[in-house]
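> give me coordinates for this.
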Amino acid sequence: MNTALMSDKLKKIARAAKPWAFLVGAFLVLKVTGAGSAISDFTRAAAMKTGAMDIEPETTVTGGQAFDYDFTIRDLQGNKLSMNELKGKVIFLNLWATWCGPCRVEMPSIQKLYNSVDKDKIAFVMLSLDQDNQSDKIRQFVSGKEFSFPVYQPASPLPKMLRVNMIPTTFIIGADGKVRTKKTGMANYDTEEMRDFLAKLVAE
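The predicted structure follows:
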């Protein structure tokens, strides 16, 4: 083949490959540095602000399955609490972990919801599924974000209904002991619809 033609062909291949090389290189940099997860969190947070992720509690209403209170949790100071002690209250129970990006993104909205409700009648249980020996990591995360909602870890095996395949998963249990809402995946809980829904459950 003519040397000039060969040279032109190689130049064309190089030009065509440049965009792909850039993308592959960018991917590798994000992978190695860990910045990819930060960008993902930023994208998710942006989606939350659009309103597209707003929770619609009435559309996630379950068939009223009885909640299984037969397990124990512990707070980050090691104090144990039997879930049976929360019977008679509306419960907002969120399963999460520090390594879960969608969990981290939805937490500020949960904090705002927590700030705006009657905590004597609505119990928040932010149940971390991090490993048992990672209490310090959880404490540092919660403190760094200035979250004030109650955070717990399991202190006994969880009931079958809480052994979920995906987090975050949020359960809202009525004062009658029935699961009223189950939401799988990230959502914005700082909405008037959610506050009205909880107020309605308290009034029942």
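
> which residues touch the residue positioned nearest the centre of the chain?
The central residue of the chain, meaning the one whose C-alpha is nearest the mean C-alpha position (C-alpha atoms, centre = their mean), is C103 at 2.1 Å. Applying C-beta atoms under 8 Å, 6 or more residues apart in numbering, one finds that C103 lies in contact with N94, W96, A97, I167, P168, M186. Where you see a C-beta, it was placed from the backbone N, CA and C, and this is true even at glycine.

> phi, psi for the first one please.
Spelled out, that is N94. According to degrees, to the nearest 10, the main-chain angles of N94 amount to phi -120, psi 120.

> rewinding a little: SS state for the residue nearest to the centre of the chain?
Secondary structure, DSSP: H, G, I helix; E, B strand; the rest coil: C103 is helix.

> and the gap between it and A199?
Spatial separation of C103 from A199 under the definition C-beta to C-beta, to the nearest Å is 25 Å.

> does E106 touch T169 like I think?
No: with contacts defined as C-beta atoms under 8 Å, E106 does not count as touching T169, sitting 11.1 Å away.

> and those two? Which one has more around it.
The neighbour comparison of E106 against T169 (other C-beta atoms under 10 Å) goes to E106, with 27 against 19.

> host element of the residue lying closest to that one once chain neighbours are set aside?
Of all residues beyond its chain neighbours, the one nearest E106 is M186 (4.8 Å), with distances taken as C-beta to C-beta, 6 or more residues apart in numbering. Per DSSP states H and E: M186 is located in neither a helix nor a strand.

> what is the neighbour count of M186?
Around M186 there are 23 other residues, counting by other C-beta under 10 Å.

> what's the answer for A175, then?
Each residue near A175 was counted by other C-beta under 10 Å, and the total is 18.

> begin at 49, not 1, for the rest of this chat.
Okay, using 49 as the starting number, the last item reads as A223.

> contact partners for N132?
In this structure, N132 makes contact with Y117, D118, judged by C-beta under 8 Å, 6+ apart.

> what of Y237?
Contacts for Y237 (C-beta under 8 Å, 6+ apart) come out as I103, E154, S157, I158, K160, L161, T218.

> which residues of the protein fall in helices?
Ranges of helices within the chain are 51-81, 83-97, 149-163, 183-193, 240-251, based on DSSP state H.

> most widely separated two among the contacts of C151?
A145 and M234 (13.1 Å; C-beta to C-beta).

> okay, P207: pLDDT?
At P207, the pLDDT value in this model is 97.

> go ahead and confirm it touches T120.
No: under the contact definition of C-beta under 8 Å, P207 does not touch T120, with a separation of 11.2 Å.

> of those two, who's got more company?
Using other C-beta under 10 Å, the more surrounded residue of P207 and T120 is T120, with 17 against 13.
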